[in-house]
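J.: Here you go, sequence then predicted model.
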Amino acid sequence: MATTSTVDAESRRERLLEILNADGIIRLDAAAERLGVSPMTVRRDLADLETDGQLRRVRGGAVPSLRPRSFVERMSIGAEAKLVIADKARALVPAAGAAAFDASSTVGTLLSRLEGASDLSIATNSYENFQVARRLPGAHALLIGGEAEERTDSFVGLLACQAAGSLHYSRFFTSSAAADPARGTSEVTLAETQVKLAFVEASDETVLLVDSTKLGQRALARALDWDRIDTMVTELDPADERLDAYRELTNLL
């Protein structure tokens, strides 16, 4: 019986992680119903997964743990929300001039949804996002190089910051690990924040692309204050009450 119980628990936890990757969040009651178990059982499973560093428990469920992840791993989390955000943000991408795009997977989704540009220089510190940008008709892709951050598949460090600040951008498109109404955005590494700040300083406007699971959260390193963010794009309807705390801080889309 103990062996069967252990196998069942392992199977449940695998399915919970599948839900987390697909939706970007685990909602306790909904997960219990899908798995055919009690909410208390799901709570225990979430506690074990949190101990293993697989997720982070929040009220009513769990969200991905705030730790460095590869581009591929990040791309697989909350894919549906990323598509909604990208489609909402497409109209904000200029057709010409220069625009900056960070190394986030949400920004990568936005780039993949663009159909082309008139004469747009696209600068990014992500090789994956650079590869997408270089295939866009009418776009000139610029890879911001520097020190390779192996954990996040991005380029960071002094050279990256200097290169990021060498152009003038009409808009900078960025995501974040967390977005708190009192503390602004934050990232899982300090090096990521430094490159983003360099992009912000060189840009007329900054557009934050962030899914709702990151709202009200805080990660390791503080990044952007709200007075540096002109527009926040989420997968939510702008009238959603979950955005109430952000209405006076930035434009919502």
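T.: Now that the structure is in, tell me what you want to look at. Numbers count the residues shown, from 1 in each chain.
J.: residue boundaries of the helices in this structure?
T.: With DSSP state H, the ranges of helices along the chain come out as 2-23, 28-35, 39-51, 71-75, 79-89, 105-113, 127-133, 158-164, 190-201.
J.: how does this protein divide up, domain by domain?
T.: What automatic domain parsing lists as the domains of the chain is 2-64, 71-252.
J.: and among the helices of the chain, the most buried is which?
T.: helix 105-113 (a mean of 24; mean count of other CB atoms under 10 Å). C-beta coordinates here come from the backbone N, C-alpha and C atoms, glycine included.
J.: which helices and strands does that one pack with?
T.: In terms of contacts (3 or more CB pairs under 8 Å, 6 or more residues apart in numbering; DSSP states H and E), helix 105-113 is packed against helix 71-75, helix 79-89, strand 96-101, strand 119-124, helix 127-133, strand 169-174, strand 203-209.
J.: got TSV for those, with mean pLDDT and distance to A221 too?
T.: Shown next, in TSV, are the helices and strands packed on helix 105-113 (pLDDT from 0 to 100; distance: least, CB to CB, whole Å):
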stretch	mean pLDDT	distance to A221
helix 71-75	85	17
helix 79-89	95	23
strand 96-101	97	19
strand 119-124	96	20
helix 127-133	96	21
strand 169-174	98	14
strand 203-209	98	16
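J.: Distance to L55 added to the ones you listed, as a markdown table?
T.: Below are the helices and strands packed on helix 105-113 laid out as a markdown table (distance: least, CB to CB, whole Å):
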| stretch | distance to L55 |
| --- | --- |
| helix 71-75 | 13 |
| helix 79-89 | 17 |
| strand 96-101 | 28 |
| strand 119-124 | 29 |
| helix 127-133 | 24 |
| strand 169-174 | 24 |
| strand 203-209 | 22 |
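J.: related to what we said a few turns ago, would you single out the least confident of the domains of the chain?
T.: Among the domains of the chain, domain 2-64 carries the lowest mean pLDDT, at a mean of 82.
J.: what about dumping the CA coordinates of stretch 66-86 to CSV?
T.: The C-alpha coordinates for stretch 66-86 follow below in CSV (Å, rounded to 0.1, in the frame of the first residue of the first chain):
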residue,chain,number,x,y,z
LEU,A,66,11.3,32.8,-8.5
ARG,A,67,14.6,31.4,-9.7
PRO,A,68,16.8,31.7,-12.9
ARG,A,69,15.4,29.6,-15.7
SER,A,70,16.5,28.9,-19.2
PHE,A,71,14.8,30.6,-22.1
VAL,A,72,13.2,27.3,-23.2
GLU,A,73,11.9,26.6,-19.7
ARG,A,74,10.4,30.1,-19.4
MET,A,75,8.8,29.9,-22.8
SER,A,76,6.9,26.8,-21.8
ILE,A,77,5.3,28.5,-18.7
GLY,A,78,2.0,30.3,-19.2
ALA,A,79,2.1,30.1,-23.0
GLU,A,80,-1.5,31.0,-23.5
ALA,A,81,-1.2,34.2,-21.4
LYS,A,82,2.0,35.1,-23.4
LEU,A,83,0.1,34.9,-26.6
VAL,A,84,-2.7,37.2,-25.4
ILE,A,85,-0.2,39.7,-24.1
ALA,A,86,1.8,39.6,-27.4
